[in-house]
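Participant: I'd like to go over a predicted model; first the sequence, then the structure.
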Amino acid sequence: MSPGLRLRLDFAYDGTDFSGWAAQPGRRSVEEELSTGLTRILRATEPIRLTVAGRTDAGVHARGAVCHADVERQAWERLPGRGDAPPEVACVRRLRGVLPPDIVVRAVTQAPPGFDARFSATYRRYSYRLCDVPHLLDPLRRRDVVLTRTALDVAAMDDAARRLVGLRDFAAFCKKREGATTVRTLLGYSWRRENELIVGSVIADAFCHSMVRALVGAVVPVGEGRRLPTWPAEVQQRAVRDSGVTVMPAHGLCLEEVGYPADADLAERAVQARATRSLSEVESAVNPVPDSGLSR
């Protein structure tokens, strides 16, 4: 077997007809389609395994998804065949010929040393789109916009969203998984109106299962005037699920971007990301212990 190399794939997909990213028996997934396509063009003897930056749920879309795959160098160098295009160009062309139209691979490159699509990432940025004037919505947007029954106060939603930014325990907005932490750093959360659409932007170092859609569901009641802008932060501080928070529909959500540090910092970032954070870190961030002068 020839020495291996790691590839970085940048891709996008319409999540409407997928059961999410992860491969599942009897269900159509982004992971399975992409793995099958890559395995085919590289003529690999076993299915190529993919590691993704963000595992999206059924119906969620992506414009800026990233994953990595470890492949044989010889198979990679063989991709251009008799053509003079470099493997990076040949790979994108060949994938376009075997993938379904609801997945588009933007670029395939050799990953720098230390790159891990999941653990090297410093942030993920999602958008969520709402419309509170249904008669103005372009019907071509029905697959990525969620309609609301009442008009929304976007300024109040934005106020409520910004109160959640920071290093916190987001257990109130997550579906808990055994052994997984719910402590995350919410780097940014805001709302704005764009003509007939209301667009939310949510940025964090990482997200728990269903966290983004729950964060949206926490501020919609504020926009409707049923809750005060302080309410979502109060729910967060209680750290338990609240029946007043609705997990919003998947089709309004889109992974827009995954950010990474400079190449020299990729490996170190991956080590940091694998470290499980605890509630004590949150408490220390809110109430820092005075520096005693001792090493820590």
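Facilitator: Looks like it came in fine. Quick caveat: nothing in here was measured; it's all calculated off a predicted structure.
Participant: next, the buried residues of stretch 128-146.
Facilitator: Buried residues in stretch 128-146, counted by 16 or more other Cβ atoms under 10 Å: 128-132, 137, 144-146. Where C-beta positions appear, they are placed from N, C-alpha and C, glycine not excepted.
Participant: wait, what's in contact with residue 33?
Facilitator: By Cβ atoms under 8 Å, 6 or more residues apart in numbering, the contact list for residue 33 reads 99-100, 103.
Participant: hmm, back to that, just the buried residues of stretch 128-146 now: which is nearest residue 23?
Facilitator: For the buried residues of stretch 128-146, the residue nearest residue 23 by Cβ to Cβ is residue 144; the value is 23.6 Å.
Participant: element containing that closest one, please.
Facilitator: For residue 144, there is no helix or strand it lies in under DSSP states H and E.
Participant: quick one: pLDDT of it?
Facilitator: Listed pLDDT for residue 144 reads 97.
Participant: wait, a helix at residue 96?
Facilitator: Yes. Using DSSP: H, G, I helix; E, B strand; the rest coil, the assignment for residue 96 is a helix.
Participant: just give me the neighbour total for it.
Facilitator: For residue 96, the count of nearby residues is 13 (other Cβ atoms under 10 Å).
Participant: any idea how far residue 175 is from residue 75?
Facilitator: According to Cβ to Cβ, to the nearest Å, residue 175 and residue 75 sit 39 Å apart.
Participant: meant to ask about residue 124
Facilitator: Separation of residue 124 from residue 75 (Cβ to Cβ): 30 Å.
Participant: compare the two (neighbour count), which wins?
Facilitator: Neighbour count, other Cβ under 10 Å: between residue 124 and residue 75, residue 124 has more, with 23 against 18.
Participant: helices or strands next to the helix or strand harbouring the more buried one in the packing?
Facilitator: Per DSSP H and E: residue 124 is located in strand 123-131. Applying 3 or more Cβ pairs under 8 Å, 6 or more residues apart in numbering; DSSP states H and E, one finds that strand 123-131 contacts strand 146-147, strand 197-204, helix 211-223, strand 253-259.
Participant: dead centre of the protein: give me the residue that sits there.
Facilitator: The chain has residue 54 as the residue nearest its centroid, 4.1 Å off, counting by Cα atoms, centre = their mean.
Participant: pLDDT below threshold where in the chain?
Facilitator: Applying pLDDT under 70 to the chain flags residues 1-3, 276-296.
Participant: can you give me the helices in it?
Facilitator: Secondary structure of the chain (DSSP state H): helices located at 30-42, 73-78, 87-98, 154-162, 211-223, 231-238, 266-274, 279-286.
Participant: which outside residues touch the second one?
Facilitator: Yep, that's helix 73-78 we're talking about. With contacts defined as Cβ under 8 Å, 6+ apart, helix 73-78 is touched by 2-5, 7, 42-44, 87, 91, 110.
Participant: residue 208 contacts residue 168, doesn't it?
Facilitator: No. Using Cβ atoms under 8 Å, residue 208 and residue 168 do not qualify as a contacting pair, with a distance of 11.4 Å.
Participant: give me the common contacts of these two.
Facilitator: residue 184.
Participant: burial count for residue 84?
Facilitator: Neighbours of residue 84 under the rule other Cβ under 10 Å: 7.
Participant: ah, wrong one, I meant residue 223
Facilitator: The number of residues packed near residue 223 is 24, by other Cβ under 10 Å.
Participant: which non-adjacent residue is nearest it?
Facilitator: Distance criterion Cβ to Cβ, 6 or more residues apart in numbering; nearest residue to residue 223, sequence neighbours excluded, is residue 152 at 3.5 Å.
Participant: how about the one you found, what does it touch?
Facilitator: Each residue near residue 152 by Cβ under 8 Å, 6+ apart is listed here: 130, 132, 198, 220, 223-224.
Participant: which pair in these spans the largest distance?
Facilitator: So, those by Cβ to Cβ: farthest apart are 198 and 224, at 12.0 Å.
Participant: those two: who's more crowded?
Facilitator: residue 198 (24 against 17).
Participant: the more buried one against residue 131, yeah?
Facilitator: Yes. If you go by Cβ under 8 Å, residue 198 and residue 131 touch, sitting 6.9 Å apart.
Participant: wait, isn't residue 23 in contact with residue 34?
Facilitator: No. If you go by Cβ under 8 Å, residue 23 and residue 34 don't touch, sitting 9.8 Å apart.
Participant: of these two, which one has the most company?
Facilitator: For residue 23 versus residue 34, the count of surrounding residues by other Cβ under 10 Å is larger for residue 34: 25 against 19.
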